[in-house]
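J.: I'd like to go over a predicted model; first the sequence, then the structure.
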Amino acid sequence: MPEWTRAQREAIEARGGNILVSAAAGAGKTAVLVERILHLIMNEGTDIDRLLIVTFTNAAAGEMRQRISARIGRALSEGGGTDAHLRRQLTLLPAAQISTIHAFCLTLIRRFFHLIGIDPDFRLADESETEILRRDVAAALMEAEYEQADARFLGLVARIGGAKSDEPLVEELLRLYDFSRSQPEPNEWLRAQAEAFSLSIDELEESPWVRSLLTQARRLITGALELTEQALTFCDASMEGYAGTLRADMEGLSEALAGMDGGYESARTAVSGFSFGRLGRCGAGADDEAKEITKEWRKQARKLATEAQELLALPLTQAHEHHGTLAPYLSYLSETVIRFGELYGEAKAARRIADFTDLEHFALEILSHGQAAQAMREQYDYIFIDEYQDSNLVQETLLGRVSRGDNLFMVGDVKQSIYRFRLADPSLFIRRYEACETGEGQRILLNQNFRSQSPIL
């Protein structure tokens, strides 16, 4: 048996609520997750089929199943093979729900397909097949739109389409469709994004769009200030010509930060009013390398500050006017994406095929029925989610409907989230991490690296 650290032991034995394990690379998170499962089975008498274990890949699911089987088999051998509970676990293990989220969705669909009126005799299409089909559907939709010649559609073509082709508009339509499918209610999400361009100027200032701009601008100015402070550390007495300018830059950046607390226009004025001074002259004995390093740090600081000024370059009244001008076109775009989704769904149904996002949304629709959700909550005592940082909102909502609210065990590392192109949403991990600070679940940190050797580190 391995010697567990205090934090690892806590992750294995903690009970009584949702638990988030934030595990750095090489911290043994998979070993801890498997040990917690084995602890429930071997020490607390839980049956393996009472656990829902969601992994990110089929390979990971297979490896986990193999580890569990090996440990139970070893325990049986050491005990003379007389433990009836452990023998039962080996019998249950092949059918236990240790799988990817999509395999779990498929199990759910096969059981409750009648609740949402779909034909269970469908197959999963490969990406090349669905790509051809969606392109065909998009092309037919574009042709129909051209025949209708709605002024809003023609305006979209003029604004998003290319000079010789409408391919950029098609690409935007498909991109929006794909992204919307990472939301539990895709059509409602699309319409809400379009409606955000019809806000009053006061509503616009309080909107997520403006808040995001201000947050990012603040981060950029803060970064510029920190880089300037770092540059100052390289200045000795012979570089006072540089140091004086850097101190003035720091004062100006600090004033810009202070001015960002009063709303959008106050922040825009504060940031746009700042400018870097001209570096003074250094003494004859100044170190050339230190001078170059100082200038490089300052160059990076200037770049960040310039980005902040560009973010806030537009007056709010002008931004509001632009939003108003775009609103009808974006509303039409959102409805066009929704129509595409309906036509694409009909085309897949006619061919009795589905893609992976279909599985998630079918399962989500099934779990909106109380009887199905209750059956799942009663079936699983504990829910384990591996690589939690690569979940999206649909998967989060889906597993939330299966959970009783106090039986989730999530393992991951937000720094290792690499599936943004598959619409993973690392902010879910961050929000869950921060919520633990207010008592919404327990947070356990595994930050000791067992994978790398100290000479290499």
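T.: The structure has been received and is ready for your questions. Residues are numbered from 1 along each chain as shown.
J.: Using CSV, list the CA coordinates for stretch 370-387.
T.: C-alpha atoms of stretch 370-387 as CSV (Å, rounded to 0.1, in the frame of the first residue of the first chain):
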residue,chain,number,x,y,z
GLY,A,370,-38.8,14.3,-12.9
GLN,A,371,-39.2,10.5,-13.1
ALA,A,372,-35.9,10.0,-15.0
ALA,A,373,-33.9,12.4,-12.8
GLN,A,374,-35.3,10.8,-9.6
ALA,A,375,-34.4,7.3,-10.9
MET,A,376,-30.8,8.4,-11.6
ARG,A,377,-30.5,10.1,-8.2
GLU,A,378,-31.7,6.9,-6.5
GLN,A,379,-29.4,4.7,-8.6
TYR,A,380,-26.1,6.4,-7.7
ASP,A,381,-24.8,7.0,-4.2
TYR,A,382,-21.7,8.8,-5.4
ILE,A,383,-20.7,10.6,-8.6
PHE,A,384,-17.0,10.9,-9.6
ILE,A,385,-15.9,13.3,-12.3
ASP,A,386,-12.3,13.0,-13.5
GLU,A,387,-10.6,15.9,-15.5
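J.: ok, residues contacting stretch 113-123?
T.: Contacts to stretch 113-123, defined as Cβ atoms under 8 Å, 6 or more residues apart in numbering, come from residues 109, 110, 349, 352, 353, 354, 362, 365, 366, 369, 371, 372. Where C-beta positions appear, they are placed from N, C-alpha and C, glycine not excepted.
J.: Just the local confidence number for residue 438, please.
T.: Looking at residue 438, its pLDDT reads 83.
J.: Check residue 160 too.
T.: pLDDT, residue 160: 88.
J.: who touches it in this structure?
T.: Residues in contact with residue 160 (Cβ under 8 Å, 6+ apart) are 168, 169, 172, 333.
J.: For the closest residue to it other than its chain neighbours, grab the count of nearby residues.
T.: If the residues on either side of it in the chain are set aside, residue 160 comes closest to residue 169, at 4.6 Å by Cβ to Cβ, 6 or more residues apart in numbering. The tally of other residues near residue 169 (other Cβ atoms under 10 Å) stands at 22.
J.: buried sites along the helix or strand hosting residue 169?
T.: Assigned by DSSP states H and E, residue 169 falls within helix 167-180. Buried residues in helix 167-180, counted by 16 or more other Cβ atoms under 10 Å: 169, 170, 173, 174, 176, 177, 180.
J.: So the fourth one versus residue 122, what's the distance?
T.: When distances are taken as Cβ to Cβ, to the nearest Å, residue 174 and residue 122 turn out to be 22 Å apart.
J.: pLDDT below threshold where in the stretch 151-300 of the chain?
T.: 163 (pLDDT under 70).
J.: How about the stretch 351-457 of the chain?
T.: 421, 450-451, 453, 456-457.
J.: Apply 50 and report the result again.
T.: Nowhere does the stretch 351-457 of the chain drop to pLDDT under 50.
J.: In it, mark out all the helices, start to finish.
T.: Ranges of helices within the stretch 351-457 of the chain are 356-366, 370-379, 393-402, 427-435, based on DSSP state H, counting those that start in this stretch.
J.: wait, which of those is closest to residue 225?
T.: helix 427-435 (23.9 Å; Cβ to Cβ).
J.: Any buried residues in that closest one, and which?
T.: Buried-residue list, helix 427-435, by 16+ other Cβ under 10 Å: 428, 429, 432, 433.
J.: Report the distance from stretch 420-431 to the chain centre.
T.: 1 Å (Cα atoms, centre = their mean, to the nearest Å).
J.: what does it contact?
T.: Against stretch 420-431 from outside (Cβ under 8 Å, 6+ apart): 20, 22, 178-179, 181-182, 388-393, 396, 412, 414, 417.
J.: and which of those residues is nearest to residue 272?
T.: residue 179 (32.4 Å).
J.: Leaving out sequence neighbours, find the closest residue to that closest one.
T.: Residue 179's closest residue in space is residue 423 (Cβ to Cβ, 6+ apart), at 6.6 Å.
J.: Okay then, goodbye and thanks.
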